[in-house]
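S.K.: Just need the structure, nothing else, for what follows:
(2 chains, ligands or ions: 2)
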Amino acid sequence: MQGYLSLWDEYGGQMVSAFWGNLQLTFWAAIGSLVLGTILALMRISPVPSFRAFGTSYVNIFRNTPLTIIMAFGVLVLFGVFQVQFSSDFNLNFFQIAILGLTIYHSAFVCEAIRSGVNTVPLGQAEAARAIGLSFMPAARLVILPQAFRGAIAPLGNVLIALIKNTTVAVAGSVAEISGLMKTMLEFRADVGILIFLTIAVFFVIVVIPVGLLTTYLSKKLAVAR
Amino acid sequence: MSTDSHSNSAKSDLTPIVRLSAVNKHYGQLHVLQNINLEVSKGEVVVVLGPSGSGKSTLCRTINRLETIDTGTIEIDGKVLPEEGKMLAKLRADVGMVFQSFNLFAHKSILENVTLGPIKAKGMKKAEADKLAMSLLERVGVANQKDKLPAQLSGGQQQRVAIARALAMRPKVMLFDEPTSALDPEMINEVLDTMIGLAKEGMTMIVVTHEMGFARKAADRVIFMDGGQIVEESTPEQFFTNPQSARAKDFLGKLITH
Ligand SMILES: Nc1ncnc2c1ncn2[C@@H]1O[C@H](COP(=O)(O)OP(=O)(O)O)[C@@H](O)[C@H]1O
Ligand SMILES: [Mg+2]
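M.R.: Ligands and ions are numbered 1, 2, ... in the order given. From the prediction side, this is the model:
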């Protein structure tokens, strides 16, 4: 117990700020992948064959590539080889590469979640939209997507939960986040090793459980009555 | 049979509102529309009859290009339906469509269902669209439901809203694909009465239906389809009392015995 308390004395502040890093990664990557995933889903349901082919290829490539590899690619190739710099600040640059990697990966899953939502919208809705003179984009924006999102809340919640946990992979980009700190703590405080694991697990559980509960609640509350 | 029968219909010198010329369509091997020629003049009410699977819905759906055709042309008020794009969307707005399953926008209020087309497809101001929608909802008798969602209305009410939604685009022709087939019997008449009202006001209508009473009362012309062809075309009296083809006789015989 004494040992555990002293771990908090020593690392408490760092743990909180490192976990704050994970939450920030989650926030920006969630926005990014929601936007990119929606665009991809639109491509996959569009009447233009080349858009559909692009969307399908994107999903198949990035859904089937391990996130670690995407992250390593971002850091080693984008930064290391091509010297891509989003920011002159060294740490901020890695942080942004990590957001990019997380976004690229998770948007494939967001796309598929939205597509499952589109499948909950009866075909007649799109036909009625076309019949009153709406072309593809207005029909998608005004009729299909609003219903599709409401049908996709639960799967989108699952993607968000996966994203929260997957932010730990940003350690590959040496971003200050909690799984990086965990390594350091394990090295210096092996005496409370198990408690370190548990503590960090609790950090995630505290965030993930409400997300799950909220999305379940919202998916019921916002379900489209037919 | 289908070509010379135009003499039966009310002809005018004006351009027909709908003209199909030599339209053919296949679903794979199935020749679902076979050399269809059809002209509908302004103010005419054409009822399409025929057994299930004869191609009635497909015919309706090609007229506003929810289905593509293989060969032939379809003209709306003299303009050939374009393949895709903005022009198609614009021409579609001239063709109102009422579906068997209503297809009201499930996430929008009754009022929004009716104003969406005028505002988004025609660029009408919201206040003006609201006024137009309320007058149409009034006319079909569901104005007091304007803030509800479609799922909160009965089938008959939903279908009347769907008619109002189509009318809000000020279409040149209205297509009805079995508008009462999904309704409970006690709601069929409220929808048919709305349609009869429209017919009396001079709306050009193409109606696929199994309601022979409606055909008798409101149709200027009856078209009988079977196996993807227009087999017979005549006035309602003539069709019901003295059908020419064996297939039409067979069809009517089955209706009476059931
Ligand atoms: N999307 C489709 N794909 C393949 N076959 C179809 C499709 N839609 C309709 N059909 C077939 O075309 C024929 C005509 O259908 P339809 O126009 O719906 O007939 P009706 O409305 O007169 O009952 C039927 O045999 C039907 O099975
Ligand atoms: Mg049909």
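S.K.: pLDDT weak spots in the chain?
M.R.: All of this refers to chain A. A:81, A:172-173 (pLDDT under 70).
S.K.: meant chain B actually
M.R.: Along chain B, the parts satisfying pLDDT under 70 run over B:1-13, B:256-258.
S.K.: Would you map the helices across it?
M.R.: All helices of chain B, identified by DSSP state H, fall at B:56-63, B:85-92, B:110-116, B:122, B:126-140, B:155-167, B:185-200, B:212-218, B:236-241, B:246-257.
S.K.: Go through the ones you listed and name the closest to B:M225.
M.R.: For the helices of chain B, distance to B:M225 was read as CB to CB. The smallest value, 5.6 Å, belongs to helix B:56-63. From N, CA and C alone the C-beta is placed, and that goes for glycine too.
S.K.: Give me the contact status of that closest one with ligand 1.
M.R.: Yes - using CB under 6 Å from any ligand atom, helix B:56-63 comes into contact with ligand 1 via B:K56, B:S57, B:T58.
S.K.: same thing with stretch B:22-34?
M.R.: Yes - residues of stretch B:22-34 contacting ligand 1 under CB under 6 Å from any ligand atom: B:Y27, B:L30, B:V32.
S.K.: Now for the last one, how many residues are close by?
M.R.: Around B:V32 there are 20 other residues, counting by other CB atoms under 10 Å in any protein chain shown.
S.K.: residue contacts, it?
M.R.: Neighbouring residues of B:V32 by CB atoms under 8 Å, 6 or more residues apart in numbering or on different chains: B:K25, B:H26, B:G55, B:T58, B:G228.
S.K.: which among these gets closest to ligand 1?
M.R.: Ligand 1 lies nearest to B:T58 out of those, by CB to the nearest ligand atom, at 3.4 Å.
S.K.: quick one: that closest one and B:N24 touch, right?
M.R.: No - applying CB atoms under 8 Å, one finds B:T58 not in contact with B:N24, separated by 11.3 Å.
S.K.: and those two? which has more neighbours close in?
M.R.: Neighbours per residue (other CB under 10 Å) separate B:T58 from B:N24, with B:T58 holding more: 22 against 15.
S.K.: Spell out which residues of chain A are next to chain B.
M.R.: A:47, A:122, A:124-125, A:127-135, A:138, A:142-143, A:146-147, A:150, A:224-226 (CB under 8 Å from any CB of the partner chain).
S.K.: Mind checking which of those residues land in helices?
M.R.: Filtering the residues of chain A next to chain B for helices - DSSP H - leaves A:G124, A:Q125, A:E127, A:A128, A:A129, A:R130, A:A131, A:P138, A:P146, A:Q147, A:R150.
S.K.: a markdown table please, covering those and showing distance to ligand 1.
M.R.: A markdown table is the format used below for those (distance: CB to the nearest ligand atom, whole Å):
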| residue | distance to ligand 1 |
| --- | --- |
| A:G124 | 13 |
| A:Q125 | 17 |
| A:E127 | 12 |
| A:A128 | 17 |
| A:A129 | 18 |
| A:R130 | 15 |
| A:A131 | 16 |
| A:P138 | 24 |
| A:P146 | 26 |
| A:Q147 | 22 |
| A:R150 | 27 |
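S.K.: which of those residues sit farthest apart?
M.R.: A:A131 and A:R150 (22.5 Å).
S.K.: What subset of the contacts of B:V32 is buried?
M.R.: B:K25, B:G55, B:T58, B:G228 (16 or more other CB atoms under 10 Å in any protein chain shown).
S.K.: check contacts around residue 106.
M.R.: No chain in the question, so chain A it is. Here A:H106 is in contact with A:A29, A:A30, A:S33, A:G37, A:V159, A:A162, A:L163, A:N166 (CB under 8 Å, 6+ apart).
S.K.: hmm, I had chain B in mind actually
M.R.: Applying CB under 8 Å, 6+ apart, we find B:A106 in contact with A:Q125, A:Q147, A:V224, A:A225, A:R226, B:L149, B:P150, B:A151.
S.K.: Alright, I will stop here.
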